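[1] predicted model and sequence follow; I will ask about them next.
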Amino acid sequence: MLILLRHGRTRLNEQGRLQGRIDEPLDAVGAAQAVATAAALGPVDEVIASPLARAQQTAAAFGQPIVTDERWIEMSYGIYEGVPQGDVPSEAWSRWMTDPDWVPEGGESLATLDVRVREACEELRQRAIGRDVLIVSHVSPIKTAVAWALGVGLEFSWRSHLSHASICRIDLRRTGPILFSFNEVVAT
């Protein structure tokens, strides 16, 4: 089973800002979310995490060795990183939602994110059969992994919500991936 865990909350998340690759640590709420989620999930067979501090801190709550995988890093929002979501021009949101190849200045396209995350999922496909592989990542890569499991396109990202420290489970069967749960949240 692939267990996809969104990192706990950060100060920028609390402020409603696009974080992207800004390497912000967890705030006190995020740290508590990480501890509560780790306690609820218990030990897993393998822990993989994005290299960003918020994902690494969330993964560390499991007290197990962490494998860092760059493919699980958040999408780069380029010039919009750190900007309040409400201040991002409507034209930019429109481009993101209608053109997966659109790249904001200094950023990354959804199509590029999609390629790297689907590659990571395919690599884990056999390794996670009969094992629990935890991946601590971010909103965009997790939504892309879920889209991979469902066999749908990137439009899924715009029609779903992931809370901080939420869990998605993808069961990897010999017949293919099956979405087992989406946006599970452990009470803190």
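    Yep, it's here.
[2] got the contact list for the longest strand anywhere in the chain?
    Looking across the chain with DSSP state E, the single longest strand is strand 176-185. Contacts with strand 176-185, where a contact means Cβ atoms under 8 Å, 6 or more residues apart in numbering, come from 1-2, 121, 125, 146, 148-150, 160-163, 165-172. Every residue, glycine included, has its C-beta placed from N, CA and C.
[3] what sits against residue 119?
    So residue 119 contacts residue 71 (Cβ under 8 Å, 6+ apart).
[4] so where's this protein uncertain?
    Low-confidence segments of the chain (pLDDT under 70): 188.
[5] what's the closest non-adjacent residue to the residue nearest in space to the middle of the chain?
    Closest to where the C-alpha atoms of the chain average out (Cα atoms, centre = their mean) is residue 138, at 2.6 Å. Distances taken as Cβ to Cβ, 6 or more residues apart in numbering place residue 74 nearest to residue 138, at 3.7 Å, with adjacent residues excluded.
[6] which strand or helix spans residue 134?
    strand 133-137 (DSSP states H and E).
[7] against residue 144, how distant is the residue nearest to residue 138?
    With the distance defined as Cβ to Cβ, to the nearest Å, residue 74 ends up 11 Å from residue 144.
[8] what does residue 113 give?
    Distance from residue 113 to residue 144, by Cβ to Cβ: 6 Å.
[9] okay, the two: which has more neighbours?
    Neighbours per residue, other Cβ atoms under 10 Å: of residue 113 and residue 144, the larger number sits with residue 144, 25 against 22.
[10] the more buried one belongs to a helix?
    Yes: assessed with DSSP: H, G, I helix; E, B strand; the rest coil, residue 144 lies in a helix.
[11] residue contacts, it?
    110, 113-114, 117-118, 154, 157 are the contacts of residue 144 under Cβ under 8 Å, 6+ apart.
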